[in-house]
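# Here is the input, now give the coordinates:
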Amino acid sequence: MGATGLLGLPTHLRRRIYLHTGVARLDGRPYTYFLDGRTQPVPKFDQPSMRAHYSVLDWMLGVTRPVSDLDTHTTCNFAGLLRTCRALYLETSAMLYSANRFVIFYSHPGSFDHLRALSPTSLACLASLKIVLNESCGESTCTNPAYHALSCWCDSHALEHEDYEWGAKHHCAKKRGGQHRRPLLDSAPGPDSTACTSPKQEEIQAMIGEWHDTMTHISSHIGIGSLELSLVCDIDPASEQPYALEVARLVLAPLSIFPRLRECHIRLSKSSSYPLQQMAQEAVLQACHRASSTQLGPIKPRTSALTNLPPELRLHILEYTDLVTPWKEVTWSRQCRGYQVVRALCASSSLNCPPQNHNGCRLSSCDPDIVHDGNCVPSAGCCFCRRRHSSFSSSACNCWAPPTNLFLICRTLYRDAQFVFFSRNRFIIHDFHATQPWDLPAEQLEPNASYSFNRLAISEFLQEVVPIHCLPDLRFLELVFPPYVPHGWPHREHPAILNWVTTVDWVRGQVSAPALTLRLVMADFGAEPIIGRKVMTEALAGDIIKGYMCIMNPLRAWVRGDGGGLAGFHLQLAHPARWTLEVLRRAQVDDGFLARLHRNLIVRGERYLRGPGSSTLDHLSQAEPSKSSWQRWYQVDSYGD
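Reported below is the predicted structural model:
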């Protein structure tokens, strides 16, 4: 069909034809094109959920790319439309620039020439533009609970692995456009001086000058409220603070000449820095013409309207703030020494996420385009999470963050915030590790090693972490012990047990027992035995159960109700004998054997705690609260479902 015949078709039919040639996706999701000519390697295993990242030059190459289920053509073959005539060029290019995302990186002087080469018509059609002045590398994905902002694959692997396919010399070349970059103003040398760069001040000034000139050029062609602009310029916050802030101001200055942006996302550092984050927030709000703290002016001192309300109304209002975490769970362990919110394992990694968990998943992942199976799109999928980075986004980040400001308003609201925080969340205390609850101390792998600490983590939490006046506010405590090796449990005369006895006696007079629910978890819910339990005998299993009893024994008076009982008490005890050869053989022929084995141990534990004359077992007669999120990181067996 000739050009004249195509132009004679109705607009909606021509648009449909453009879609089938690969100008844009049929399902409406954008492709990502690199304006500077680089290409992103196609993933080895294509998934419908993966985004495509391609160079504009790929039009001429017929690049095959991963597509969604709604895409019928996998080849980009619309270059001929752009060369046919001016009318088709205008229609096709308008759809191309308005329906897709475009990315450009600064790597050397002249890097922005590709962006400045776009015609005024193409610039006016731009709907999504990401500009990366400097993106520091990092191995971990932001959605990983163990994420560390400053970690990098190249920093943690020695150069003797250069011959390995994913060695340090090749990793950033394959994953980051050929260059391993550090934050601006960072002077730390890299493992490979030829691959690792830290721009000097002269280079930074040249980059900022070209950045200003480019933004001045394109801002005059952008329509009001039509562009979504993303800016990444990772600065090292540990450098000289005044100069780091000055560089950030120079980077953000050109945004003031833009017309109102539809959306804006800015990241100034991969690690968290309050001054840089505040600057990013102010710039985003001003670029989108939304009220910022500087525009609102100073707050006049006056009595807060919230403090004038009755206490029950204040508490009810605070329950709708971030004082209540997404999963209503707060984790503490002796490794992290602080309150944590451990992200639940969501259905994005092909597991069936329960509704009670998935309700909070939307508040823990801020970029729906990042693949959640452990692989992140590193170059085009820069994260703008305000919790993990010095960044701010007008729309992309919904992540929960601690509401620190609520504790700083006044004494009245400080106490109200404490009450809501401790009473409306579950508190899960891991005796060793929170993000990897199956992990063990290294010394436990040594023969005849004993319990490694002088206090249980729960003793330290109750005595030193929770303020004494907040202990009556606690409503749910979960004590989690990892699958320690048989000789790694504290015995009856161990300092940790003696301190635990003292702690229980003391805390009974501090907490509100009739309002407190306690759950004790002895974890070993994996599908495979850990090191130290792979060779299990009845005698070794008995040693582990003795360790259970030493920890449970101080709770007997509390559970029996002497002087005021608990609102609820629940046990989850993994029977260590499950790894003996006899039990494994019987489990192969009897599907319900493991479930009965664990249930019998729980019944024994309940009777041990309540006394031999007890006829009612709380764990069996009352509905147990739902499982905590950390258990979804295990491969739970049938008895745990």
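
# alpha carbons only for contacts and neighbour counts from here, please
OK.

# lowest average confidence, helix or strand, in the protein?
Sorting the helices and strands of the chain by mean pLDDT, DSSP states H and E puts strand 53-55 at the bottom, at a mean of 44.

# model confidence over the helix or strand hosting Glu246, on average?
Applying DSSP states H and E as the criterion places Glu246 in helix 241-252. What helix 241-252 shows for mean pLDDT is 86.

# what packs against whichever helix or strand comes after it?
The helix or strand immediately downstream of helix 241-252 is strand 263-269, counting by DSSP H and E. Other helices and strands packing on strand 263-269, by 3 or more CA pairs under 8 Å, 6 or more residues apart in numbering; DSSP states H and E, are strand 228-233, helix 274-287, strand 390-393.

# Could you single out the most deeply buried of those?
Neighbour counts (mean count of other CA atoms under 10 Å) averaged over each of the helices and strands packed on strand 263-269 peak at strand 390-393, with a mean of 27.

# Note down every partner strand of that strand and its orientation.
strand 263-269 (antiparallel) (DSSP bridges).

# do you know which of the helices and strands packed on strand 263-269 lies nearest Ala527?
Across the helices and strands packed on strand 263-269, Ala527 has its closest neighbour in strand 390-393 (39.4 Å, CA to CA).

# Any idea how far the closest one is from the middle of the chain?
In terms of CA atoms, centre = their mean, to the nearest Å, the centre of strand 390-393 is found 15 Å from the chain centre.

# what comes up buried for the very next helix or strand once past that strand?
Next in sequence after strand 390-393, counting helices and strands by DSSP H and E, comes helix 411-424. Across helix 411-424, burial judged by 16 or more other CA atoms under 10 Å covers Leu413, Asp416, Ala417, Gln418, Phe419, Val420, Phe421, Phe422, Ser423, Arg424.

# what do you get for stretch 601-612?
Buried residues in stretch 601-612 (16+ other CA under 10 Å): Leu601, Ile602, Val603, Gly605, Glu606, Arg607, Tyr608, Leu609, Arg610.

# Closest one to Met95 out of those residues, please.
Using CA to CA, the buried residues of stretch 601-612 come closest to Met95 at Ile602, 63.9 Å.

# tell me how far the host helix or strand of the closest one is from the chain's mean position?
Assigned by DSSP H and E, Ile602 falls within helix 593-610. Centroid displacement of helix 593-610 relative to its chain, using CA atoms, centre = their mean, is 37 Å.

# export that helix as PDB, just CAs?
In PDB, the C-alpha atoms belonging to helix 593-610 read as follows (Å, rounded to 0.1, in the frame of the first residue of the first chain):
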ATOM      1  CA  PHE A 593       3.200 -38.400  60.000                       C
ATOM      2  CA  LEU A 594       5.200 -35.200  60.200                       C
ATOM      3  CA  ALA A 595       2.200 -33.100  61.000                       C
ATOM      4  CA  ARG A 596       1.300 -35.500  63.900                       C
ATOM      5  CA  LEU A 597       4.900 -35.400  65.100                       C
ATOM      6  CA  HIS A 598       5.000 -31.700  65.400                       C
ATOM      7  CA  ARG A 599       1.500 -31.500  66.900                       C
ATOM      8  CA  ASN A 600       2.400 -34.000  69.600                       C
ATOM      9  CA  LEU A 601       5.500 -31.900  70.500                       C
ATOM     10  CA  ILE A 602       3.300 -28.800  70.800                       C
ATOM     11  CA  VAL A 603       0.800 -30.700  73.100                       C
ATOM     12  CA  ARG A 604       3.700 -31.800  75.300                       C
ATOM     13  CA  GLY A 605       5.000 -28.200  75.400                       C
ATOM     14  CA  GLU A 606       1.600 -26.900  76.400                       C
ATOM     15  CA  ARG A 607       1.200 -29.400  79.100                       C
ATOM     16  CA  TYR A 608       4.700 -28.700  80.400                       C
ATOM     17  CA  LEU A 609       3.900 -25.000  80.700                       C
ATOM     18  CA  ARG A 610       0.400 -25.300  82.100                       C
END
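
# which secondary structure elements does that helix contact?
When contacts are defined as 3+ CA pairs under 8 Å, 6+ apart, helix 593-610 sits against helix 556-560, strand 568-573, helix 581-589.

# How many residues are close by His316?
His316: 11 surrounding residues under other CA atoms under 10 Å.

# Can you give me the distance of it to Leu306?
11 Å (CA to CA, to the nearest Å).

# Over to Ile222?
From Ile222 over to Leu306 (counting by CA to CA), the distance is 43 Å.

# nearest residue to Phe593 other than its sequence neighbours?
The spatial neighbour of Phe593 that comes closest, neighbours along the chain excluded (CA to CA, 6 or more residues apart in numbering), is Ala587 at 5.6 Å.

# got the contact list for the nearest residue to Arg116 once chain neighbours are set aside?
Of all residues not flanking Arg116 in the chain, Thr214 sits nearest, at 6.6 Å (CA to CA, 6+ apart). Taking CA atoms under 8 Å, 6 or more residues apart in numbering, we find Thr214 in contact with Phe112, Leu115, Arg116.

# hang on, the first one packs against Val103?
The one in question is Phe112. No: look at Phe112 against Val103 with CA atoms under 8 Å: they stay out of range, at 10.9 Å.

# Count the neighbours of Ser226 for me.
Using other CA under 10 Å, Ser226 has 18 neighbouring residues.

# Quick check, pLDDT for the closest residue to it other than its chain neighbours.
Leaving aside its sequence neighbours, Ser226 sits nearest to Arg262 (CA to CA, 6+ apart; 5.4 Å). If you check Arg262, the pLDDT there is 92.

# Ok, Ala87 next?
Per-residue pLDDT puts Ala87 at 82.

# In what element of secondary structure is it found?
Ala87 belongs to helix 86-99 when assigned by DSSP H and E.

# what packs against that helix?
helix 79-84, helix 120-125.

# Go through those and name the closest to Tyr339.
Of all those, helix 120-125 comes closest under CA to CA, at 46.4 Å.
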